[in-house]
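Visitor: whatever this is, show me its structure:
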Amino acid sequence: MMTPENLHFPGEADLVVFSNVHWLVYNRQRDMLAIADKFPHVMFHHDYFCRYRLFFPMEEKCKSCVYLPPWRKLYDESVLNIFMSPLHAEAHFSVMPELAHHPYAFVPSALDAEDYRSKEEIDPVPNTVIGVNVLHRFKGMDNVLKYAREHPELSFTFVGGKEGEPELPPNCQYIGLKNREELVKLYASHESLIHLPSTPQPMERVPAEYILANRKGRLIVNPLIGLFSWPNTIKDGKVNREEVVRLMSQSPDMFWEAVKKVIG
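Guide: A predicted model of the protein is given here:
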């Protein structure tokens, strides 16, 4: 298996899995294409072929993207393509429609539920909203700040990275990067989570993390989150928390089950 953490190829293999190795970042295009020509391979890309990886607008111009042809070769000639959600697959099918007739499987992000369960009872502060990594345009910065301006009665806390120096409304604060332990406490202490991406996100772990840390919290989300394109994650118009946790905890088993089907 080739991953960003393990880019070394031993030279011989019965099956090669390209797992989230984006050659524009790791400069491995020639290597990947040479390996794919020689060995059966599985594509398990966690993002998109787009130059900016996650910033994929799913527009007509994407069908003629200069970065598409070599990716198309890898996907077309694979023994299996793995997508992180039905939305992730739909985005790929929109520019490579032939992939809808190629063997594929869905495998979500893996998440250890215990890592995000709050170790202490924390009562959420009324009228508070947390956003994680939302101060990037493709993650929905414009949508989030618009929502904040329209709801002055709410107090917003933004955590994680950001794009430039956005002008925040008076009811917003940015507190930078936090470690996982700090993040769990922040999830638990905020009444709601906001996540309104502007482009289709393959999976998106943040809502699942919030669900684990805050069992009663409210989600302010939109349809561009891959997690909620999975069957049964939305039930009667509400997030099915038990299904979200079950789905992501079973990810490793789902991956190996999909791979075993193609290797016999």
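Visitor: in the helix ranked longest in the chain, what counts as buried?
Guide: For the chain, the helix with the greatest residue count under DSSP state H is helix 251-263. For helix 251-263, a neighbour-count test (16 or more other Cβ atoms under 10 Å) marks 254-255, 258-259 as buried. For the C-beta atoms, the positions are set from N, CA and C on the backbone; glycine is no exception.
Visitor: over to stretch 153-164?
Guide: For stretch 153-164, by 16+ other Cβ under 10 Å, it's 154-160, 162.
Visitor: contacts for that stretch, please.
Guide: 125, 127-137, 141, 144, 148, 168-169, 171-178, 183, 186, 190, 192, 194 (Cβ atoms under 8 Å, 6 or more residues apart in numbering).
Visitor: likewise stretch 249-262?
Guide: With Cβ under 8 Å, 6+ apart, stretch 249-262 has contacts from 15, 17, 40, 42, 44, 79-80, 82, 103, 105-113.
Visitor: among these, which lie within strands?
Guide: 17, 42, 44, 80, 82, 105-106 (DSSP state E).
Visitor: longest strand in this protein, please.
Guide: strand 125-132.
Visitor: returning to that earlier point: put the alpha carbons of the longest helix of the chain into PDB.
Guide: Listed next in PDB are the C-alpha coordinates belonging to helix 251-263 (Å, rounded to 0.1, in the frame of the first residue of the first chain):
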ATOM      1  CA  SER A 251     -14.300   1.600   8.100                       C
ATOM      2  CA  PRO A 252     -11.200  -0.700   8.400                       C
ATOM      3  CA  ASP A 253     -13.300  -3.800   8.000                       C
ATOM      4  CA  MET A 254     -15.200  -2.300   5.100                       C
ATOM      5  CA  PHE A 255     -11.900  -1.500   3.300                       C
ATOM      6  CA  TRP A 256     -10.500  -5.000   3.600                       C
ATOM      7  CA  GLU A 257     -13.800  -6.600   2.700                       C
ATOM      8  CA  ALA A 258     -13.800  -4.500  -0.500                       C
ATOM      9  CA  VAL A 259     -10.200  -5.400  -1.400                       C
ATOM     10  CA  LYS A 260     -10.700  -9.100  -0.700                       C
ATOM     11  CA  LYS A 261     -13.600  -9.200  -3.300                       C
ATOM     12  CA  VAL A 262     -11.200  -8.100  -6.000                       C
ATOM     13  CA  ILE A 263      -8.300 -10.400  -5.100                       C
END
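Visitor: helices and strands of the protein: which one has the lowest mean pLDDT?
Guide: Using mean pLDDT, DSSP states H and E, helix 23-26 stands out as the lowest-scoring helix or strand of the chain, at a mean of 54.
Visitor: go through the helix or strand residue 69 falls within and flag the buried ones.
Guide: Secondary structure from DSSP states H and E places residue 69 in helix 68-76. Buried residues in helix 68-76, defined by neighbour count with 16+ other Cβ under 10 Å: 68, 70-72, 74-75.
Visitor: pipe those residues into JSON lines and attach distance to residue 198 and pLDDT per row.
Guide: What follows is these, written out as JSON lines (distance: Cβ to Cβ, whole Å; pLDDT from 0 to 100):
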{"residue": "68", "distance to residue 198": "21", "pLDDT": "87"}
{"residue": "70", "distance to residue 198": "27", "pLDDT": "87"}
{"residue": "71", "distance to residue 198": "22", "pLDDT": "89"}
{"residue": "72", "distance to residue 198": "25", "pLDDT": "92"}
{"residue": "74", "distance to residue 198": "27", "pLDDT": "92"}
{"residue": "75", "distance to residue 198": "25", "pLDDT": "95"}
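Visitor: for residue 195, which non-adjacent residue is closest in space?
Guide: For residue 195, ignoring the flanking residues on the chain, the nearest one in space by Cβ to Cβ, 6 or more residues apart in numbering is residue 221 at 5.2 Å.
Visitor: identify the residues contacting that neighbour.
Guide: 193-196, 207, 228.
Visitor: point out where the chain drops to low pLDDT.
Guide: 2, 4-10, 22-27, 51-54 (pLDDT under 70).
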